[in-house]
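[1] Please find the sequence and the predicted model below.
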Amino acid sequence: VQFVDADDVIHTDMTRKLVEVMETYQKDLVVCGFQMIMLDAELRKAGQILFSSKDLGKECVLPRDVFFQNMSYILWKICLLEEVWNKIYRREIIEKHQILFPQAISLGEDFCFNMDYFQYMNGVVFIEEQFYYYLNTGKDTLTSCYRENYFDNQLFLIQRFENILKAHIKISKEERRYLAEYMIAKAIRSIENVFQKECRLPLIEKKRKIEEIIN
């Protein structure tokens, strides 16, 4: 199973390559890099940000236990775990364990799907190629709009991630530091969210929200 957002683009070799890697290594998940393409108002390319697993090697094969032992590092430093569209999954795992996208949240549902899937896979392969092209028009992003429950949403995702880790491994001191750094980054973004133009909270309420985030 492969997911592609309707307004994005994939490399012509993406599906073939991911399937080949899955068949070669017999792992239940394959992850590739992606390019975030910034588009201007006329939908012309205005810049790009590259995301790749090259720090893990050209093709990094991890059994599930090793993946869990390094999952906080991969989440924070490699930045390829939250999305579903840069991956290929085994259909039988999704169907057998009834892995679904949660309908109760509108941000982070991909990450929830992945966290559920991680628990049943036998391992993962990371390939450094950036086969997916995420087209960013600047609309409905954190930098351009206010999300009322953004901090609560991010806290929920982090706590769920930590609980899954605790259920499978004893979190090392180094991995706990990576998780803390990831959480600090989310806290900073949550504070930035409070200062979006669309946020109509009175100043005193903004200060209370910032205090809540910092605490």
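    Structure received.
[2] Now name the helix or strand holding residue 68.
    Residue 68 belongs to helix 64-69 when assigned by DSSP states H and E.
[3] got the buried residues for that helix?
    Neighbour counts over helix 64-69 (16 or more other CB atoms under 10 Å) mark 64, 67, 68, 69 as buried. Using the backbone N, CA and C atoms, a C-beta is placed for each residue, glycine as well.
[4] Which pLDDT does the model give the spatially most central residue of the chain?
    When CA atoms, centre = their mean is applied to the chain, the residue found nearest the centroid is residue 82 (1.5 Å). Among the per-residue scores, residue 82 holds a pLDDT of 97.
[5] Is it located within a strand, as I assumed?
    No - with DSSP: H, G, I helix; E, B strand; the rest coil as the criterion, residue 82 is coil rather than part of a strand.
[6] For residue 187, see how far away the residue nearest to it when sequence neighbours are not counted is.
    Distances taken as CB to CB, 6 or more residues apart in numbering place residue 111 nearest to residue 82, at 4.4 Å, with adjacent residues excluded. Using CB to CB, to the nearest Å, residue 111 is found at 17 Å from residue 187.
[7] which residues in this structure form helices?
    14-25, 64-69, 71-73, 91-96, 109-118, 150-168, 173-194, 203-214 (DSSP state H).
[8] What residues sit buried inside the longest one?
    Using 16+ other CB under 10 Å as the test for burial, helix 173-194 gives 175, 178, 179, 182, 183, 186, 187, 190, 193, 194.
[9] Count the residues that sit near residue 121.
    17 (other CB atoms under 10 Å).
[10] go on, residue 55?
    12.
[11] cool, and residue 117?
    When neighbours are counted by other CB under 10 Å, residue 117 registers 21.
[12] For it, list the residues it contacts.
    29, 89, 93, 94, 99 (CB atoms under 8 Å, 6 or more residues apart in numbering).
[13] top of these by neighbour count?
    Neighbour-wise, these (other CB under 10 Å) top out at residue 29, 23 neighbours.
[14] What residues does that one make contact with?
    Remark: with contacts taken as CB under 8 Å, 6+ apart, residue 29 is in contact with 22, 87, 88, 89, 90, 117, 118, 121, 123, 124, 125.
[15] That one and residue 89, how far apart?
    According to CB to CB, residue 29 and residue 89 sit 6 Å apart.
[16] Now render the buried residues of helix 173-194 as JSON lines, adding distance to residue 215.
    Converted to JSON lines, these look like this (distance: CB to CB, whole Å):
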{"residue": "175", "distance to residue 215": "24"}
{"residue": "178", "distance to residue 215": "22"}
{"residue": "179", "distance to residue 215": "18"}
{"residue": "182", "distance to residue 215": "18"}
{"residue": "183", "distance to residue 215": "13"}
{"residue": "186", "distance to residue 215": "14"}
{"residue": "187", "distance to residue 215": "10"}
{"residue": "190", "distance to residue 215": "12"}
{"residue": "193", "distance to residue 215": "17"}
{"residue": "194", "distance to residue 215": "14"}
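[17] I'd like the residues you listed as TSV, with distance to residue 151 and pLDDT appended.
    Shown next, in TSV, are the buried residues of helix 173-194 (distance: CB to CB, whole Å; pLDDT from 0 to 100):
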residue	distance to residue 151	pLDDT
175	23	96
178	20	97
179	17	96
182	14	97
183	11	96
186	8	96
187	8	96
190	4	95
193	7	94
194	8	94
